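A.B. asks: Quick one, structure for this:
(2 chains)
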Amino acid sequence: MNFDNPDLAAVWLTVKLAALTTSILIVIGTPIAWWLAHTRSWWKGPAGALVALPIVLPPTVLGFYLLVAMGPDGPVGHFTRFLGLGLLPFTFWGLVVASVFYSLPFVVQPIQNAFEAVNERHAEAAATLRASPLDTFFTIVLPLAKPGYLTATVMGFAHTVGEFGVVLMIGGNIPDKTRVVSVQIYDQVEAMEYGRAHGLAAGMVIFSFLVLLGLYTLNPTGRRK
Amino acid sequence: MITRRFNYALLAGLVALGLPAISHADEVLVAVAANFTAPMKIIATAFEKATGHQAELSFGSTGKLYTQIRNGAPFDVLLAADDETPAKLVKEGLAVPASRFTYAIGALVLWSAKPGFVDNEGAVLKKGAFAHLALAAPKLAPYGAAAMETLSKIGLMSTLSPKFVQGENIAQAYQFVSTGNAELGFVALSQVYANGKLTSGSVWVVPTDLYHPIRQDAVILTRGKINPAARDLVKFLKSKQAQDVIRSYGYTL
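C.D. replies: Take a look at the predicted model:
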């Protein structure tokens, strides 16, 4: 979709980025969360810490390493070129990859908490009724973990919308490809176009508030996660 | 879980805030355009040694520094990448009129980290055998504006604009090219030039008839009016010692 209005174009791009990132994260986050919730392995600690890293790392660290790793001399850059995909920085897909890293803990942790809260006995009962593990997962565990998934989806989406530093470092500020709302606002403020910045910034405040309000109203347990 | 982590983060933040601020009697806070980063670091060290004052440097695009100054940033001196911004600040009553002077004239170059990629006539731009052309945000960075002017003059603006990747300032444009993520880009000569020669890669020094001369003006800001260190810094910038450093990075005076 193309918009003549650069602000609308930035909004659409941001929504597209957040929706894609969240979908990918739900798919890859589920097995990670499952493993973290059930493993007794020594690796649980290090793996959990690795997943949580983006919460504490400055976005500049992530942005810097991604730029170098995805560049022509970096390991990821070699790999993507080997696959014939070219290089990821300055592309929409580069932002998707970065956002998946950046929002990973916000999706994995709520799902992991939900899995941990599911009573093992329900699954065991299903197993005695000859349900396959996969069957048990989809008919027993998943419905019980629904509040966790709701929190994960909302937080993953909202956190990707709120992404800024990483995009600034690897995006290159290209309209319709990498110029997301947060970068557009930053540009407008830096250029003292306060009037235009207000429109988008106020929109972001209202959006974020409504998202969290919705989450807390629909899903009271989300608050504790 | 997240809430508990946030509490730790909050605690760490409060501890950091509680640390006593280090202050010096004669300290000058200098806002420096990103293209002048390398020479200014050397000049500041020499200035501190010569005068005993302390110079704190803050780098960014000229447009961004201007916005910060307009919003009360505590800078004493601005070293801009153009002559318009200091003039505007004087007109707005935010800078000392008599203190304004040109400390350097900058040169725009097309640069690639790869040796032999950029020819010395800029023909590489016409061939267009590259995916990304880096430049600094033209709205904020005078070197970015000069790059746009050059591209319109040689008639390549519309063909090349889909390949633009914009750095927030000229340092970021340089970083895009130096990491190889953009094959080439418009940067300041001072970023790729030291001691009279090119430091790496290949370069086209853009002829000065293709863009308005980048006259870089310095000005003492209203806040620095009564600061002796600010006055001394401006004096030091005009000294032969400082000017030699400035020239060694490819600026003219």
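
A.B. asks: pLDDT weak spots in the chain?
C.D. replies: Because you didn't say which chain, this covers chain A. Chain A contains residues with pLDDT under 70 at A:1-3, A:220-225.

A.B. asks: my bad, the chain I had in mind was chain B
C.D. replies: B:1-25.

A.B. asks: Write out the residues of it neighbouring chain A.
C.D. replies: Applying CB under 8 Å from any CB of the partner chain, we find that chain B lies next to chain A at B:1-3, B:5, B:9, B:61, B:63-64, B:66-67, B:70, B:131-132, B:134, B:137, B:139-140, B:164-168, B:172, B:175-176, B:179-182. All C-beta spots, glycine's among them, are computed from the backbone N, C-alpha and C.

A.B. asks: Try it again at 7 Å.
C.D. replies: B:1-2, B:5, B:63-64, B:67, B:70, B:132, B:137, B:139-140, B:164-166, B:168, B:176, B:179-181 (CB under 7 Å from any CB of the partner chain).

A.B. asks: Keep only those of the residues you listed that are in strands.
C.D. replies: B:F164, B:V165, B:Q166 (DSSP state E).

A.B. asks: Pick out the residue of chain A closest to chain B.
C.D. replies: Of all residues in chain A, the one sitting closest to chain B is A:G172 (3.0 Å; CB to the nearest CB).

A.B. asks: Angles on the backbone of that residue, please.
C.D. replies: The phi and psi values for A:G172, taken as degrees, to the nearest 10, are phi 80, psi 10.

A.B. asks: hang on, isn't it packed against B:Q166?
C.D. replies: Yes. In this structure, A:G172 is within contact of B:Q166 by CB atoms under 7 Å, at 6.0 Å.

A.B. asks: Drop anything exposed from the residues of chain B next to chain A.
C.D. replies: With burial judged by 16 or more other CB atoms under 10 Å in any protein chain shown, the buried subset of the residues of chain B next to chain A is B:2, B:63-64, B:67, B:132, B:137, B:139-140, B:164-166, B:168, B:176, B:179-181.

A.B. asks: Out of those residues, which comes closest to A:A33?
C.D. replies: Minimum distance to A:A33 across those is 14.4 Å, recorded for B:I2 (CB to CB).

A.B. asks: So which residues of the chain form strands?
C.D. replies: Here I'm looking at chain A. Read by DSSP E, chain A holds no strands at all.

A.B. asks: Wait, chain B was what I had in mind.
C.D. replies: Using DSSP E, the strands of chain B run over B:27-33, B:54-60, B:77-79, B:101-106, B:108-112, B:133-136, B:164-167, B:184-188, B:193-194, B:197-198, B:202-205, B:214-220.

A.B. asks: Which residue lies nearest the spatial centre of chain A?
C.D. replies: The centroid of chain A falls nearest to A:S103 when counting by CA atoms, centre = their mean (3.3 Å).

A.B. asks: domains for chain B, by residue range?
C.D. replies: Structural domains assigned to chain B are B:24-105+B:214-248, B:106-210, following automatic domain parsing.

A.B. asks: and of the ones you listed, who's closest to A:G29?
C.D. replies: Relative to A:G29, the nearest member of the domains of chain B by CB to CB is domain B:106-210, separated by 28.4 Å.

A.B. asks: How far away from the center of its chain is that closest one?
C.D. replies: Going by CA atoms, centre = their mean, to the nearest Å, the spacing between the C-alpha centre of domain B:106-210 and its chain's C-alpha centre is 15 Å.

A.B. asks: pull the longest helix from chain A.
C.D. replies: For chain A, the helix with the greatest residue count under DSSP state H is helix A:6-38.

A.B. asks: Not counting sequence-adjacent ones, nearest residue to the residue of the stretch 101-250 of chain B found nearest chain A?
C.D. replies: Residue nearest to chain A within the stretch 101-250 of chain B (CB to the nearest CB): B:V165, separated by 3.0 Å. Residue nearest to B:V165 in three dimensions, not counting chain neighbours: A:G172, with 3.0 Å by CB to CB, 6 or more residues apart in numbering or on different chains.

A.B. asks: Tell me, how many residues neighbour the one you found?
C.D. replies: By the criterion of other CB atoms under 10 Å in any protein chain shown, A:G172 has 27 neighbours.

A.B. asks: what does A:L87 give?
C.D. replies: Neighbour number of A:L87 under other CB under 10 Å is 21.

A.B. asks: next one: A:T139
C.D. replies: Count around A:T139 with other CB under 10 Å applied: 12.

A.B. asks: residue contacts, it?
C.D. replies: Counting by CB atoms under 7 Å, 6 or more residues apart in numbering or on different chains, A:T139 makes contact with A:A131.

A.B. asks: One more: the one 5 residues further on?
C.D. replies: Under the criterion of CB under 7 Å, 6+ apart, the neighbours of A:L144 are A:V118, A:H122.

A.B. asks: Look up how far A:E120 lies from it.
C.D. replies: To A:E120, A:L144 is 11 Å away according to CB to CB, to the nearest Å.

A.B. asks: hey, where'd the helices end up in the chain?
C.D. replies: No chain specified, so I'll use chain A. For chain A, the helices defined by DSSP H cover A:6-38, A:44-56, A:59-70, A:75-82, A:92-117, A:120-128, A:133-136, A:142-144, A:146-161, A:165-171, A:181-190, A:194-218.

A.B. asks: Correction: the question concerned chain B.
C.D. replies: According to DSSP H, chain B carries its helices in the segments B:2-18, B:37-51, B:62-70, B:84-91, B:123-127, B:142-153, B:157-160, B:170-178, B:228-237, B:240-248.
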